[in-house]
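1. below are the sequence and a predicted model; questions follow.
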Amino acid sequence: TNASVRPYIMVNDKFVLNRCVGVLSDEEMRQIPYPRLETALHVTLKCAQAGSILGYFGSRIFYYSTKVVGKGGPGKPKMTPEQFTNASLKVSRNFMLGGMALSLPMFVMHGWQKHIDQEGYFDRAYRIRYNQTQIDVDRASILLGVLYGGFFAFRSKSSFLLGFPKGLCWGTLLASTYNHFNSTQELIQLKSKQASESLTD
């Protein structure tokens, strides 16, 4: 076991650097312990992100379609903007927590059905560590989640867990959009360069 492993939190400094800074050297990457746990944490975060997005936008579509927002409907009381926001955030929170709760049995069942051994988990964790765009999305979603959660906790006198899923949702979407824009621009530049080189040949 690597000497820098913190035995109770099951991560080490290389894990933290990879998530906070980005891709490290190959030797440093191999010093990150517990690839199965690392993969499980990745799956849990993906399920939490998906749940927060589905709950946030799904609740808004539902409340608008059932006419409980805006002018209201026959026999249905109109929601105030504050009530609507709180209700939407609660649904997003519940979906996020539900996604996290489902992630563990999903992860265990997938590993059991696919007969994934320790080497297989190491291969998956290794690819996660080198996926810079995915690391950027995860970092942005958690950071924005913490900022929103802190704002709701200290300024709005609400629960941290009401604000966190909103930040997680928007951090995931904004970072994914930014990565998609960057990859599109790089592809355009590559095609332009190839076209220029073909003209000069």
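-> Looks like it arrived, so ask away.

2. what is the rounded mean pLDDT of the helix or strand that contains Leu168?
-> Applying DSSP states H and E as the criterion places Leu168 in helix 160-200. Mean pLDDT, computed over helix 160-200, is 87.

3. what's the answer for stretch 50-60, then?
-> The model assigns stretch 50-60 a mean pLDDT of 95.

4. off-centre distance for that stretch?
-> Between the centre of stretch 50-60 and the centre of its chain there are 13 Å (CA atoms, centre = their mean, to the nearest Å).

5. which outside residues touch that stretch?
-> With CB atoms under 8 Å, 6 or more residues apart in numbering as the contact definition, stretch 50-60 has outside contacts at 87-89, 91-100, 165-166, 168-169, 172-173. In this view, the C-beta of every residue, glycine as well, is placed from N, C-alpha and C.

6. cool, stretch 177-188 as well?
-> Residues outside stretch 177-188 that contact it (CB under 8 Å, 6+ apart): 133, 136-137.

7. among these, which ones are buried?
-> Buried members of the contacts of stretch 177-188, scored by 16 or more other CB atoms under 10 Å, are 136-137.

8. format the contacts of stretch 177-188 as JSON lines; extra columns: pLDDT and distance to Tyr56.
-> Output for the contacts of stretch 177-188, formatted as JSON lines (pLDDT from 0 to 100; distance: CB to CB, whole Å):
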{"residue": "Thr133", "pLDDT": "90", "distance to Tyr56": "22"}
{"residue": "Asp136", "pLDDT": "91", "distance to Tyr56": "21"}
{"residue": "Val137", "pLDDT": "94", "distance to Tyr56": "16"}
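
9. returning to that earlier point: of the contacts of stretch 50-60, just the buried ones, PyMOL syntax please.
-> A single PyMOL command selects the buried members of the contacts of stretch 50-60 (16+ other CB under 10 Å):
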select buried, resi 87+88+89+91+92+93+94+95+96+97+99+100+165+166+168+169+172+173
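
10. pull stretch 83-90 out as PDB, backbone CA atoms only.
-> Presented in PDB, the C-alpha positions along stretch 83-90 are these (Å, rounded to 0.1, in the frame of the first residue of the first chain):
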ATOM      1  CA  GLN A  83     -43.100  28.200  -3.400                       C
ATOM      2  CA  PHE A  84     -42.400  27.100  -7.000                       C
ATOM      3  CA  THR A  85     -38.600  27.500  -6.500                       C
ATOM      4  CA  ASN A  86     -38.600  25.600  -3.200                       C
ATOM      5  CA  ALA A  87     -40.800  22.800  -4.600                       C
ATOM      6  CA  SER A  88     -38.600  22.400  -7.700                       C
ATOM      7  CA  LEU A  89     -35.400  22.400  -5.600                       C
ATOM      8  CA  LYS A  90     -36.900  19.700  -3.300                       C
END
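
11. quick check: closest non-adjacent residue to Leu97.
-> Excluding the flanking residues, the one nearest Leu97 by CB to CB, 6 or more residues apart in numbering is Gly51, at 7.4 Å.

12. what strand or helix carries that neighbour?
-> Residue-wise, Gly51 maps onto helix 35-65 under DSSP H and E.

13. likewise Glu27?
-> Assessed by DSSP H and E, Glu27 sits inside helix 26-29.

14. mean confidence for that helix?
-> Confidence for helix 26-29, expressed as mean pLDDT, is 82.
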